[in-house]
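A.B. asks: The amino acid sequence is not available; the structure is as follows:
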């Protein structure tokens, strides 16, 4: 990533406010989808509130069409409305709770990331010193002050150190991926 003010070259994470915004956006979209699903499940429900059409007897005994409303249906309609309102509120509260939980989980991950960054920075400084030492040992080999076996041992140790740094970089990338996933942050 490009170098940002006050950040190391290895820090490729977006700033914390952006991570928090991604969490809020994700959970807002999830809540919206759940609310739309709740709304969709109500389509066609109005049919059950229609009056019942039947035949009623007139005083003369002749049948005539009649409409009847059930008070139980009206009571159920009020109860359904209250239940839907409670479900909407629960969906919104769940989204807020999930967002707070995800934001709280970022803290320990960010600390592990910072620690891995410090470890990598220290390892890179040591590697630079060892690179200079290896150059010195190469000159000593050329001057025949040390033998090839001794030089190869020092070169092998240097290469193992480089491999260790690659492992540290891999660990840092894994932590970054874990952090971005926890934040529901995906670059467009």
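C.D. replies: Sure, I can see it. This one's a predicted model, so the numbers in the text were calculated from it and none came from an experiment. Numbering: from 1, shown residues only.
A.B. asks: Going by C-alpha atoms from here, please, whenever you check contacts or count neighbours.
C.D. replies: Noted.
A.B. asks: ok but residue 166 is inside a helix, no?
C.D. replies: Yes. Counting by DSSP: H, G, I helix; E, B strand; the rest coil, residue 166 is located in a helix.
A.B. asks: tell me the pLDDT at residue 41?
C.D. replies: If you check residue 41, the pLDDT there is 65.
A.B. asks: Model confidence for residue 126, exactly?
C.D. replies: For residue 126, pLDDT reads 96.
A.B. asks: For residue 158, see how far away it is.
C.D. replies: Distance, residue 126 to residue 158, by CA to CA, to the nearest Å: 10 Å.
A.B. asks: Please apply the same query to residue 179.
C.D. replies: 32 Å.
A.B. asks: what about those two, which has more around it?
C.D. replies: Comparing residue 179 with residue 158 by neighbour count (other CA atoms under 10 Å), the higher total belongs to residue 179, at 21 against 17.
A.B. asks: what sits against the more buried one?
C.D. replies: 106, 109, 110 (CA atoms under 8 Å, 6 or more residues apart in numbering).
A.B. asks: redo that, cut-off 10 Å
C.D. replies: 13, 19, 105, 106, 107, 108, 109, 110, 113, 173, 185 (CA atoms under 10 Å, 6 or more residues apart in numbering).
A.B. asks: Then residue 16?
C.D. replies: By CA under 10 Å, 6+ apart, the neighbours of residue 16 are 22, 103, 106, 107, 110, 183.
A.B. asks: ok, now which ones touch the first one?
C.D. replies: Put plainly, it is residue 22. 16, 28, 99, 180, 182, 183, 184, 185, 186.
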